[in-house]
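Undergrad: Make a model of this:
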Amino acid sequence: MIQQNVIKDRQLKMLETAFGPQIMSYLFDEKIIEIMLNPDGRLHYEKIGEGKVATDTIISQEQSENILKLVASFKNQVANEEHPEVSAELPFQSARFQGWLPPVVSQACFSIRRRAVAIFSLDQYVEQEALSVNQKQYLKKSMLERKNIVIVGGTGSGKTTFANALLAELSGSDERVLVIEDLPELQVKVEDLVTMTTTLHISMKDLVKGSLRMRPDRIIIGEVRDGSALDLLKAWNTGHPGGVCTIHANSVESTPYRFEDLIQEAVVRVPRTLILQAIDIIVFIERDKSGKRKIKDIVELAGYENNQYIFTPCQMG
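TA: I've put the predicted structure just below:
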């Protein structure tokens, strides 16, 4: 055991050296949420309040390949031409690492997504004019009434950050909350909490199905991106209301169809009645060209007629 710890410590120091002082400083900057290295060797990052920034830092091919191979080694994985993908949680800041080696790309590249440290409240969204006071009150009431809420938006729109703002409303609750995600990003401040993360061998679908045997009051999902959508909706519809999840979609109108696409990964026939019964509220968040996020729409899923879903604007005070 002592020898294993010595090996891990040595690997950790090698990893820090491989990343270099610039990347390591970004990893520990609380305002930086994503670090990206492109195949051309240029380093980029995304910072709260600044948006995406292209730095003057150029990482050599040798260093970038070394980073990927060391990350893989730290997680007892192999990275080479036959296994060009490296996907792992880093030992720093619980950050998620996704990297690729040639021949998939021309030169080694990666993206590191940091777990959010600071949690923005709904009040702060109002202060930043990303959310109206009426919208805030409606969402607070919906969380209290255990409505099932789906947060949608494009890549980098801030879905997870807003989910954390909603989940902050549960602070101090005596409910038993289960959180399921690929990367530990969601933060819930309740005493009765179980957090579960996927692995190479345990899928989101496995965890959602297994969670039902854990006696949850609420089931929270980081991001729905596969056939687990069917199991999630079943869970929300069978005694576990009050759920929150995020999903990649480009509009409110496309959200239920996105669920249909994911459900069809598990079954041929889409149970539209289940979608209508399980999803109460859809929140659409958008990021403009300046990097500012804003809640563009909040609707209720009301029905299905003439081969299309019907939405009604949420009734706000």
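Undergrad: Of all the residues in the lengthiest helix in the chain, which ones are buried?
TA: Longest helix in the chain, counting residues (DSSP state H): helix 2-27. Residues Gln11, Leu15, Glu16, Ala18, Phe19, Ile23, Tyr26, Leu27 are the ones in helix 2-27 that count as buried (16 or more other C-beta atoms under 10 Å). The way it works is simple: take the backbone N, C-alpha and C, and place the C-beta from them, glycine included.
Undergrad: Just give the number of residues close to the residue nearest to the first one when sequence neighbours are not counted.
TA: Spatial nearest neighbour of Gln11, excluding adjacent residues (C-beta to C-beta, 6 or more residues apart in numbering): Phe74 at 5.0 Å. Phe74: 17 surrounding residues under other C-beta atoms under 10 Å.
Undergrad: quick check: domain ranges of the chain?
TA: 2-113, 122-313 (automatic domain parsing).
Undergrad: Give the other helices and strands that the strand or helix carrying Asp261 contacts.
TA: Counting by DSSP states H and E, the element that carries Asp261 is helix 255-263. On a contact count with 3 or more C-beta pairs under 8 Å, 6 or more residues apart in numbering; DSSP states H and E, helix 255-263 meets strand 149-153, helix 228-236, strand 244-248, helix 272-278.
Undergrad: and Pro103, which of these is closest to it?
TA: Comparison of the helices and strands packed on helix 255-263 against Pro103 by C-beta to C-beta identifies strand 244-248 as nearest, at 27.6 Å.
Undergrad: partners of that closest one, with directions?
TA: strand 149-153 (parallel), strand 218-224 (parallel) (DSSP bridges).
Undergrad: residues making contact with the longest one?
TA: When you say that, I think you mean strand 218-224. 146, 159-160, 163, 167, 170, 175-183, 185-186, 188, 204, 208, 211, 228, 232, 235-236, 240-248, 259, 262 (C-beta atoms under 8 Å, 6 or more residues apart in numbering).
Undergrad: Can you select the buried ones from those in ChimeraX?
TA: Only the buried entries of the contacts of strand 218-224 go into this ChimeraX selection, using 16+ other C-beta under 10 Å:
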select :146,159,160,163,167,170,177,178,179,180,181,182,183,185,186,188,204,208,211,228,232,235,236,240,241,242,243,244,245,246,247,248,259,262
